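> From the sequence below, what's the structure:
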Amino acid sequence: MQLEMLSTERPNPLTRDLDVMSVSDLLTVMNQQDAIVADAVAAVIPAIEAAVDLIVAARAQGGRLIYLGAGTSGRLGVLDAVECPPTFGTDPGEVIGIIAGGPGAFLNAVEGAEDDPRAAGGDLDAISLNATDVVVGLAASGRTPYVIGGLDHARELGAATVAVSCNLGAAMSSHAGVAIEVETGPEILTGSTRLKAGTAQKMVCNMLSTASMVRSGKAFHNLMVDLRPTNAKLVDRANRIVAAATGVDTEIASETIENADGHVKAAVVMLLAECDFAEATELLDRASGSVRDAIVGAGKSSEEV
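Presented below is the predicted three-dimensional model:
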């Protein structure tokens with residue numbers, strides 16, 4: 001499909017006079033258009049669920065979640081990847097963001113990088129892509145050569161693949177095992193896919209990482225029990241999480257986290273299973289990291305959890 005035929009590239013009839021609109025009118029129509037995005041994402045939840053299932057299965061085998069994109073799409077993948085270690089206590093190598101043109105392209109555009117379909121294969125080989133991994137290709141247009149080349153390379157190696165685009169019938173959809181096509185329509189500023197299309201891709205990335213991490217035992221109830229308390233804000237949050245999960249006050253929570261060598265999840269198990277750090281670690285290992293299963297494994301009933 002030619003670029004001018006894509007819905008993300010068409011002029012938006014509601015903003016034909018964008019350049020002479022009052023600021024109030026411009027912001028109002030922009031907000032109205034942004035409101036479309038959540039419904040567009042909701043329409044493809046079954047496809048997002050299928051992608052989450054792939055990621056969860058891959059993680060259970062030691063596989064990685066790898067985002068691949070160019071420009072804004074690539075930056076969104078990198079953004080989601082770098083947020084996983086502090087939020088979910090993952091190793092930086094468990095979720096990776098790759099952007100066309102290399103890390104420097106995050107801050108400065110690298111012209112032409114997205115047009116080379118072979119470059120992504122080299123970038124994926126550089127991180128030793130293998131059949132246990134999942135590659136999520138991100139491209140608002142759904143036709144970026146760099147991303148399509150990366151998806152093809154991943155499939156050749158036996159890795160699971162997901163395509164995230166913002167056009168129906170996107171070219172790259174047929175190059176992935178799961179296709180997520182979020183139809184966001186024309187932008188208020190013609191072709192500026194950092195707007196609605198960017199928001200949609202960010203929402204999908206949020207869903208992919210959050211849902212897969214929760215299903216991998218990274219949450220207890222709705223609490224981030226695997227976060228890393230690496231600064232004052234996160235230390236305070238960790239104390240509050242342990243307190244909320246166990247019913248103790250924040251002072252006891254803080255002491256327990258200290259006795260757990262800074263591991264929030266272990267501190268929760270220590271308090272709820274009434275055990276020491278070594279036993280909590282063993283319980284979590286047997287429960288594949290699930291706090292709920294670890295506590296039940298310690299002899300507590302499921303109603304007590």
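> what about residue 214, which SS state?
helix (DSSP: H, G, I helix; E, B strand; the rest coil).
> For it, grab the count of nearby residues.
For residue 214, the neighbour count with other C-beta atoms under 10 Å is 16. For every residue, glycine as well, the C-beta is placed using N, CA and C.
> Also residue 247?
Count around residue 247 with other C-beta under 10 Å applied: 11.
> Next one: it from residue 304, what distance?
Distance from residue 247 to residue 304, counting by C-beta to C-beta, to the nearest Å: 11 Å.
> how about the helices in the stretch 1-150 of the chain?
For the stretch 1-150 of the chain, the helices defined by DSSP state H, counting those that start in this stretch occupy 23-42, 45-60, 71-88, 119-126, 145-156.
> Among those, single out whichever gets nearest to residue 133.
Shortest distance between residue 133 and those, using C-beta to C-beta, is found for helix 45-60: 6.2 Å.
> what mean pLDDT does that closest one have?
For helix 45-60, the mean pLDDT works out to 98.
> Does anything pack onto it? Which helices or strands?
strand 65-69, strand 134-138, strand 160-165, strand 178-181, helix 196-215 (3 or more C-beta pairs under 8 Å, 6 or more residues apart in numbering; DSSP states H and E).
> Single out the most deeply packed of the helices of the stretch 1-150 of the chain.
Of all the helices of the stretch 1-150 of the chain, helix 145-156 has the most neighbours on average by mean count of other C-beta atoms under 10 Å, namely a mean of 23.
> what's next to it, contact-wise?
Here helix 145-156 makes contact (C-beta atoms under 8 Å, 6 or more residues apart in numbering) with 68-70, 73, 98, 100, 113-121, 123-125, 129, 133, 135, 137-139, 160-161, 163, 171-172, 175-177.
> Filter those down to the buried ones.
68-70, 73, 98, 100, 113-114, 116-117, 119-121, 123-124, 129, 133, 135, 137-139, 160-161, 163, 171-172, 175-177 (16 or more other C-beta atoms under 10 Å).
> can you tell me which residues contact residue 106?
Shown in contact with residue 106 (C-beta under 8 Å, 6+ apart): 74, 75, 78, 99.
> let's go with 6 Å and repeat that
Residues near residue 106 by C-beta atoms under 6 Å, 6 or more residues apart in numbering: 75, 78, 99.
> Please convert these to a markdown table, extending it with pLDDT and distance to residue 46.
As requested, those are arranged in a markdown table below (pLDDT from 0 to 100; distance: C-beta to C-beta, whole Å):
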| residue | pLDDT | distance to residue 46 |
| --- | --- | --- |
| 75 | 96 | 27 |
| 78 | 98 | 27 |
| 99 | 97 | 28 |
